[in-house]
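Visitor: Need coordinates for the below:
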Amino acid sequence: MDLERARFNMVEQQIRPWDVLDQSILDLMMETPREMFVPEAYKSMAFSDIEIPLGEGEKMFFPKVEGRILQAINVQSTDSVLEIGTGSGFFTALLAKQAREVTSVDIHAKFTQAAHSKLTQQNIHNVEMATGDASQGWNPNHAYDVIVISGSVDRCPESYRQQLNIGGRLFVIEGEAPTMQANLYTKKSEQQFLKETLFETEHERLVNAQLEETFVL
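Guide: Here you go, the predicted model:
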């Protein structure tokens, strides 16, 4: 398999056509070895337009979705980032290459352990790994510039929105299958948030995410 040709085709035929036009994001996707993070059985599909299974009912994002999220959250070199859902660790690597520091949390210890090993192999050392249930919040006394919730929720927990610094961005997939919305929240002031819907999608639920109660009269 010609890895570099496959990587180039992923960027030029999947990611760029999905309105990811920020060249720094395209370069980042080109230089970060996605094939090092996918399960061994799926290495030949590392650059395919699919959600690669990871086990535990979890999947990687489509490459084009990864690019679109990165473009939207606009990570800066001074940013502190919180990632809920480590998964393969590939998106963690993309965040870490842009940010000052990343905290990545997953409920599955095998994901955080494997990701830590892979990030170390890639000489990425600005990531703090944590294993635990972050469905309702994480490290409430810490504020972040960027928060990415990689599992879908019915509605974004307010605790996460409140953990953003002013000017901070939060990405989350909200709603119910088959139509969910990928939303970006930007904190304009202590009480004001700008919500932007980026695209419609469908993605696995964040483990233990609570459903909104529905009242029938």
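
Visitor: Could you use CA atoms for every contact and neighbour count after this?
Guide: Fine.

Visitor: elements contacting the strand of greatest length in the chain?
Guide: If each strand of the chain is counted by residues according to DSSP state E, the longest one is strand 164-176. In this structure, strand 164-176 packs against helix 63-73, strand 144-149, strand 179-187, with contacts taken as 3 or more C-alpha pairs under 8 Å, 6 or more residues apart in numbering; DSSP states H and E.

Visitor: most neighbours per residue, which of these?
Guide: strand 144-149 (a mean of 24; mean count of other C-alpha atoms under 10 Å).

Visitor: Helices along the protein, start to end?
Guide: 3-9, 23-31, 63-73, 90-98, 109-121, 158-162 (DSSP state H).

Visitor: any idea which of those scores lowest on pLDDT?
Guide: Here the helices of the chain differ in mean pLDDT, and the lowest is helix 158-162 at a mean of 92.

Visitor: what sits up against that helix?
Guide: Applying C-alpha atoms under 8 Å, 6 or more residues apart in numbering, the contact partners of helix 158-162 are 136, 137, 140, 147, 170, 185, 187, 190.

Visitor: Report the two of those residues separated the most.
Guide: 136 and 190 (19.9 Å; C-alpha to C-alpha).

Visitor: Export the contacts of helix 158-162 as TSV, with columns for pLDDT and distance to residue 155.
Guide: Supplementary listing: these in TSV, determined by pLDDT from 0 to 100; distance: C-alpha to C-alpha, whole Å:
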residue	pLDDT	distance to residue 155
136	87	11
137	89	13
140	91	18
147	98	15
170	98	13
185	98	12
187	97	17
190	90	20
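
Visitor: In contact with residue 40, which residues are there?
Guide: Under the criterion of C-alpha under 8 Å, 6+ apart, the contact list for residue 40 is empty.

Visitor: what about this protein, any weak spots by pLDDT?
Guide: For the chain, the stretches with pLDDT under 70 are 210-217.

Visitor: could you redo the last one with a cut-off of 90?
Guide: 1, 136-137, 157, 177-179, 191, 208-217 (pLDDT under 90).

Visitor: before we move on, back to that, now render the helices and strands packed on strand 164-176 as JSON lines, adding distance to residue 129.
Guide: Formatted as JSON lines, those follow (distance: least, C-alpha to C-alpha, whole Å):
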{"stretch": "helix 63-73", "distance to residue 129": "20"}
{"stretch": "strand 144-149", "distance to residue 129": "15"}
{"stretch": "strand 179-187", "distance to residue 129": "24"}
